[in-house]
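Visitor: generate coordinates for the sequence data below:
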Amino acid sequence: MSYATINPYTGQTVATFPDATDAQVAEALEQAHTTFQAWRQTTFEQRRAVLTKAAQLLRADKDALAAILTLEMGKITAEALAEVELSAKIFEFYAEKAEGLLAPEPITVKEKSTGEAIVVKEPLGVLFAVEPWNFPYYQLARIAAPQLSAGNTLVLKHASNVPQAAARFEKLLLDAGLPVGGFTNLYATRDQIASIIADDRVRGVALTGSEAAGAVVAQQAAAALKKSTLELGGADAFVVLDDADLDKTIPWAVFGRHWNGGQVCVSSKRMIVVDAVYDEFIKRYTEGVAALVPGDPFDAATTLAPLSSQKAADDIVAQIARAVENGATATQVGDAVPTQGAFVQPTLLTGLTEDNPAFYEEFFGPVSLIFHAKDEDDAVRIANDSHFGLGGSVFTTDIERGKAVAARIDTGMVFVNHPTLVKADVPFGGVKRSGYGRELTDLGLNEFVNHKVIGVVDIDAEF
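Guide: Residues are numbered from 1 along each chain as shown. Predicted structure coming up:
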């Protein structure tokens, strides 16, 4: 897998890490299984202490933790610090809420009975998490915090370009008091992924990543009859209605598309603007994008990050070229980006038609797909004409109208007057090719627990 830290701004290879050996994988699985037997018996108070300490340690060492993100995948410092804080809030959410969310639930049984029945929520066992590079801590927090609080243990295979972030997160949890084997980072190979999923000690698989990776892992999990959750790509619609307040809409549009360098599954990739405000929106949106400042992500003045790697930059440039070959118009925006670093010039793609493959693709970088809608109904039609269904947003000064339009959009999340929101206490997930299952809140917690019925029945036999 070639695990390595390569600074995407300088191109320098900072450090390399060897792939895990088969013996290390076997040892990690055995330790995770052994630790599970003890961890599942711990009290909520014991688990709460670990989660609370993890949040405290994240905040106490936020600058050093954020610097790893900037070094490994180019996240600007302000956004890296925000990710550390969000991760801390997720740990705090489950420290506070998990016990109540996992409380036994009584069942009212209508049949004649002198007994009772309850549903208890028990941990499944060892879980395998396959996670991406674009939010190296947040992605881990949103699977680790709920599942550790439920009593499960986890084995991690992180992206190959964030090996230091992966190791640092494991250390964070151990320093917080989690037993060895409670959360284990493995620099696993693709072949080892298959063997890990097939191992009987592994009871569930959670993946965040590409459609291609999700399809492979889902098949492997299904073949082993394991529960899986997938959070895959997105092409979020940013719908601008005729009564939108453009003074508020434009800054959110620029931010929604370009935060984290545009490398976000829920960034606002498709700007769908109704005819009445189209020309004014495009003019002002272009000005807003042009004002972004590309540069060293460690520099506080930088507002547009490089992409995570030179390959990622080369891939999206090629993707833009294919879109143009198939009839789209590409308009580059702003001053030329630096020649040093994995930068891509912010680009607007217009003239996209359904026969252009780009119409249905996800662009993971500073590329905005612009759609001219006739009216509200046409905007909803375009928004739903997508293989993805992760997030989306609707901008209007009429809140009730915004909610009504949001209800018509076929995604897992829709927000009115804000790009798709990521918070510790808001569930996350999508439909269609954006995957299945949910993370965060009670929905994420319940993905990998056994909802077991315990019933006491004492009635006379009836024949």
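
Visitor: what's near enough to touch the residue minimising distance to the centre of the chain?
Guide: What sits nearest the mean C-alpha location of the chain, by Cα atoms, centre = their mean, is residue 139, with 5.7 Å. The contact partners of residue 139, by Cβ atoms under 8 Å, 6 or more residues apart in numbering, come to 131, 132, 208. Any C-beta I mention is one placed from the backbone N, CA and C, and that applies to glycine too.

Visitor: now do residue 343
Guide: 294, 304, 306, 307, 313, 337.

Visitor: okay, and which of these map to strands?
Guide: Using DSSP state E, no member of the contacts of residue 343 falls within strands.

Visitor: farthest-separated two in the residues you listed?
Guide: Across these, the longest distance by Cβ to Cβ is 12.6 Å; it joins 304 and 313.

Visitor: show the residue spans covered by the strands in the stretch 251-400 of the chain.
Guide: Taking DSSP state E, counting those that start in this stretch, the strands of the stretch 251-400 of the chain run over residues 270-274, 329-332, 347-350, 367-373, 388-389, 392-395.

Visitor: quick check: longest helix of the protein.
Guide: For the chain, the helix with the greatest residue count under DSSP state H is helix 77-101.

Visitor: hmm, back to that, so which of the strands of the stretch 251-400 of the chain is the most packed in?
Guide: Per-residue neighbour counts averaged over each of the strands of the stretch 251-400 of the chain give the maximum for strand 392-395, namely a mean of 29 (mean count of other Cβ atoms under 10 Å).

Visitor: what's that one packed up against?
Guide: Packed against strand 392-395 by the contact rule (3 or more Cβ pairs under 8 Å, 6 or more residues apart in numbering; DSSP states H and E) you find strand 237-240, helix 246-258, helix 399-408, strand 415-416.

Visitor: before we move on, the earlier item: would the residue nearest to the centre of the chain count as being in a helix?
Guide: Yes. Counting by DSSP: H, G, I helix; E, B strand; the rest coil, residue 139 is located in a helix.

Visitor: got a pLDDT number for it?
Guide: Looking at residue 139, its pLDDT reads 98.

Visitor: ditto for residue 115
Guide: Per-residue confidence for residue 115 comes out at a pLDDT of 73.

Visitor: so the spatially closest residue to it that is not a sequence neighbour versus residue 102, what's the distance?
Guide: Spatial nearest neighbour of residue 115, excluding adjacent residues (Cβ to Cβ, 6 or more residues apart in numbering): residue 456 at 3.5 Å. When Cβ to Cβ, to the nearest Å is applied, the distance between residue 456 and residue 102 equals 21 Å.

Visitor: compare those two (neighbour count), which wins?
Guide: Remark: of residue 456 and residue 102, residue 102 carries more neighbours, 22 against 10, as counted by other Cβ atoms under 10 Å.

Visitor: look up how far residue 284 lies from the more buried one.
Guide: As defined by Cβ to Cβ, residue 102 lies at a distance of 48 Å from residue 284.

Visitor: and if you look at residue 410?
Guide: Taking Cβ to Cβ, one finds residue 410 at 29 Å from residue 284.

Visitor: what's the neighbour count on residue 168?
Guide: There are 18 residues near residue 168, going by other Cβ under 10 Å.

Visitor: does it touch residue 65 like I think?
Guide: Yes. At 6.6 Å, residue 168 and residue 65 qualify as touching, with contact defined as Cβ atoms under 8 Å.

Visitor: I figured residue 220 hits residue 192, correct?
Guide: No. Judged on Cβ under 8 Å, residue 220 makes no contact with residue 192 at a distance of 11.7 Å.

Visitor: the stretch 251-400 of the chain: helices as residue ranges?
Guide: Ranges of helices in the stretch 251-400 of the chain, per DSSP state H, counting those that start in this stretch, are 275-290, 310-325, 376-384, 399-408.

Visitor: output the third one as PDB, restricted to C-alpha atoms.
Guide: Coordinates of the C-alpha atoms in helix 376-384 are reproduced here as PDB (Å, rounded to 0.1, in the frame of the first residue of the first chain):
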ATOM      1  CA  GLU A 376     -38.200  25.700  -8.700                       C
ATOM      2  CA  ASP A 377     -39.600  22.500 -10.200                       C
ATOM      3  CA  ASP A 378     -36.700  22.400 -12.700                       C
ATOM      4  CA  ALA A 379     -34.200  22.900  -9.900                       C
ATOM      5  CA  VAL A 380     -35.600  20.000  -8.000                       C
ATOM      6  CA  ARG A 381     -35.500  17.800 -11.100                       C
ATOM      7  CA  ILE A 382     -31.900  18.600 -11.700                       C
ATOM      8  CA  ALA A 383     -31.000  18.100  -8.000                       C
ATOM      9  CA  ASN A 384     -32.600  14.600  -8.100                       C
END
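
Visitor: name the SS class of residue 65, please.
Guide: Each residue gets one of three states, and residue 65 gets helix by three-state DSSP.

Visitor: perfect, I'm done here.
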